[in-house]
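> Mind looking at a prediction? Sequence and model below.
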Amino acid sequence: MACGRKRPEHGGPPELYYDKNEAQKYVRNSRMIDVQTKMTGRALELLCLPEGQPCYLLDIGCGSGLSGDYLSDEGHYWVGIDISPAMLDAALDRETEGDLLLGDMGQGIPFKPGTFDGCISISAVQWLCNANKKSDIPAKRLYCFFSSLYSVLVRGARAVLQLYPENSEQLELITVQATKAGFTGGVVVDFPNSAKAKKFYLCLFSGPATFLPKALTEATDEEATESAFTRERGCACGSAPSIQHRLPLVLTLGSTDDMC
């Protein structure tokens, strides 16, 4: 990885990484709380929910409930799922308002079809790209996750998943499996020219393809970056779905330097 920092998912499975000590950081560290809250606000904005209408939302990788607090403050009802008992214990201690479920998103989302009006996820999906045991096959776990997510959403609803892809191959792995599960949509990259502020949001549509929201930019950013994908195949041999770059200045996915 070009940024020189060890990625958390390289150190083992998330249920071990997010132990009691790590969970406390999400309760006490004001910077982490601020970053988490801002990303949640952006994800909710990208969901494009009906204005002034409370919705029933799913928060995947809900952790200590910081994202859920924001959803509650905005008048929505939510259910959170997380694989870390320590993080969920922290959420319970904070008396967060949503319902909480201990579960592995790579094994599917265990709710009835059409349960949720939308879904958000903050910094979780990239964990599915790593195999922590021999039986783990990232592509299969991603497909299980996306296919079950597609099912539990009201048809036409959206999911916005903020993630930290390690490189272009990992991002393609994720988007290919989302497309196979039935989603359309694309990736919105906020502040693409900023090493610190750059954020990736996978915007998924469970109904007909629609326009991607505009990415956020700073004065130093000439253009936002958007890449959209469809369910159309690149060729008859069953290759990956085509990635359509829709603006003149496009994120160079072939460079891992852009992924920090």
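Looks like it came in fine. Residues are numbered from 1 along each chain as shown.
> From now on I want contacts and neighbour counts done on CA atoms only, so please keep to that.
OK.
> Spatially central residue for the chain, please.
In the chain, the residue lying closest to the centroid (C-alpha atoms, centre = their mean) is residue 161, at 2.1 Å.
> Please pull up the helix or strand immediately following the top strand by length along the chain.
Ranked by residue count under DSSP state E, the longest strand found in the chain is strand 153-163. Scanning forward in sequence from strand 153-163 by DSSP states H and E, the next helix or strand is helix 168-180.
> Packing partners of that following helix?
On a contact count with 3 or more C-alpha pairs under 8 Å, 6 or more residues apart in numbering; DSSP states H and E, helix 168-180 meets helix 138-152, strand 225-233.
> Which positions in it come out as buried?
Buried residues in helix 168-180, counting neighbours by 16 or more other C-alpha atoms under 10 Å, are found at 168, 170, 171, 172, 173, 174, 175, 176, 177, 178, 179.
> cool, stretch 154-165 as well?
The neighbour-count check on stretch 154-165 (16+ other C-alpha under 10 Å) flags 154, 155, 157, 158, 159, 160, 161, 162, 163, 164, 165 as buried.
> next one: stretch 120-137
Buried residues in stretch 120-137 (16+ other C-alpha under 10 Å): 120-132.
> wait, which of those is closest to residue 48?
residue 120 (11.7 Å; C-alpha to C-alpha).
> now the closest one, what's its secondary structure?
When classified by DSSP: H, G, I helix; E, B strand; the rest coil, residue 120 comes out as strand.
> List the beta-bridge partners for it.
Beta-bridge partners for residue 120, by DSSP bridges, are residue 59, residue 160.
> i'd like the first residue to be 648 from this point on
All set: I'll call the first residue 648, so the last point we hit is now residue 767.
> contacting residues around it?
For residue 767, the contacting residues are 687, 690, 691, 704, 705, 706, 707, 806, 807, 808, 809, by C-alpha atoms under 8 Å, 6 or more residues apart in numbering.
> Report the two members of those residues separated by the largest distance.
Pairwise distances across the contacts of residue 767 (C-alpha to C-alpha) peak at 15.4 Å, for the pair 704 and 809.
> for the protein, which helix is longest?
In the chain, taking DSSP state H as the definition, the longest helix is helix 677-694.
> For it, which helices and strands make contact with it?
For helix 677-694, the packing partners by 3+ C-alpha pairs under 8 Å, 6+ apart come out as helix 667-675, helix 713-720, strand 763-769, strand 800-810, strand 846-852.
> any idea of the mean pLDDT for the first one?
The average of the pLDDT scores along helix 667-675 is 88.
> quick one on the thing from earlier: ok, the contacts of residue 767 vs residue 662, which is closest?
Distances from residue 662 to the contacts of residue 767, taken by C-alpha to C-alpha, are shortest for residue 707, at 14.0 Å.
> Run a quick neighbour tally on residue 705.
Applying other C-alpha atoms under 10 Å, we find 27 other residues in the vicinity of residue 705.
> pLDDT score assigned to it?
At residue 705, pLDDT is 98.
> do residue 884 as well
Listed pLDDT for residue 884 reads 35.
> same deal with residue 841?
Note on residue 841: pLDDT of 87.
> Repeat that for the one 10 residues further on.
Looking at residue 851, its pLDDT reads 96.
> ok, so what distance separates it from residue 709?
Separation of residue 851 from residue 709 (C-alpha to C-alpha, to the nearest Å): 18 Å.
> cool, residue 755 as well?
Distance from residue 755 to residue 709, by C-alpha to C-alpha: 15 Å.
> can you check residue 745 too?
10 Å.
> So for those two, which residue has more residues nearby?
Comparing residue 745 with residue 709 by other C-alpha under 10 Å, the one with more neighbours is residue 709, at 27 against 22.
> Tell me the pLDDT of the more buried one.
On the pLDDT scale, residue 709 gets 96.
> Give the bridge partners for the residue lying closest to it once chain neighbours are set aside, please.
Nearest non-adjacent residue to residue 709, counting by C-alpha to C-alpha, 6 or more residues apart in numbering: residue 727, 5.1 Å away. With DSSP bridges as the criterion, residue 727 is bridged to residue 706, residue 747.
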